[in-house]
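my questions are about this predicted structure, shown below with the sequence.
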Amino acid sequence: MSEKLVRVGTTYIPVTNVDLSAEWYVSNLSAELSYKDDDKAIINLANQSIFLVKSNKNQSSNFYDIYGQERFSMTFEVNGLSSLESLHNEFVSKKMRVGEIEDRGHSGRNFVFFDLDGNKFDVWSELSPIFKEKFIINQ
């Protein structure tokens, strides 16, 4: 194969109410709404396009590992521990469903948060070195 996958362009997230979910992502995560109809909303967030797709109740992007632990399917990155703590405080002040900041035994710290439909997301305090290099983010 001469071509390689370059990036993740779009992620699909199930939601029960497209209008409410789109507003939640825009107001709580500063996403940019680029399209919306009755069945989906397209938002731009964290350098990618995310489709919020109208789905049946009790569906989410979460899954369970072999130990029965509910897992997230996406981790967002921030630039450093102070950015992570600031974002965590912001989410708490917005009364979002958010977990505690954790030390998971690897570099950096993490916390999880949930959207209106219970989709679970992770936030990590470490930007990937390749992202830093390509986008020249200074620390």
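Here it is on my side, so go on.

quick check: buried residues in the helix or strand of the chain with the lowest mean pLDDT?
Ranked by mean pLDDT, DSSP states H and E, the helix or strand of the chain with the weakest confidence is helix 129-135, at a mean of 78. For helix 129-135, burial by neighbour count (16 or more other CB atoms under 10 Å) applies to no residue. (C-beta placed from N, C-alpha, C; glycine too.)

then it to CSV, C-alphas only?
Extracted C-alpha coordinates of helix 129-135, given in CSV (Å, rounded to 0.1, in the frame of the first residue of the first chain):
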residue,chain,number,x,y,z
PRO,A,129,4.8,15.5,20.2
ILE,A,130,3.9,15.2,16.6
PHE,A,131,1.0,17.7,17.0
LYS,A,132,3.3,20.1,18.8
GLU,A,133,5.9,19.8,16.1
LYS,A,134,3.4,20.2,13.2
PHE,A,135,1.5,23.1,14.7
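
please state the offset of the helix or strand hosting Ser27 from the chain centre?
Taking DSSP states H and E as the criterion, the element that holds Ser27 is helix 18-29. Remark: helix 18-29 is offset 13 Å from the chain centroid, using CA atoms, centre = their mean, to the nearest Å.

good, we can wrap up now.
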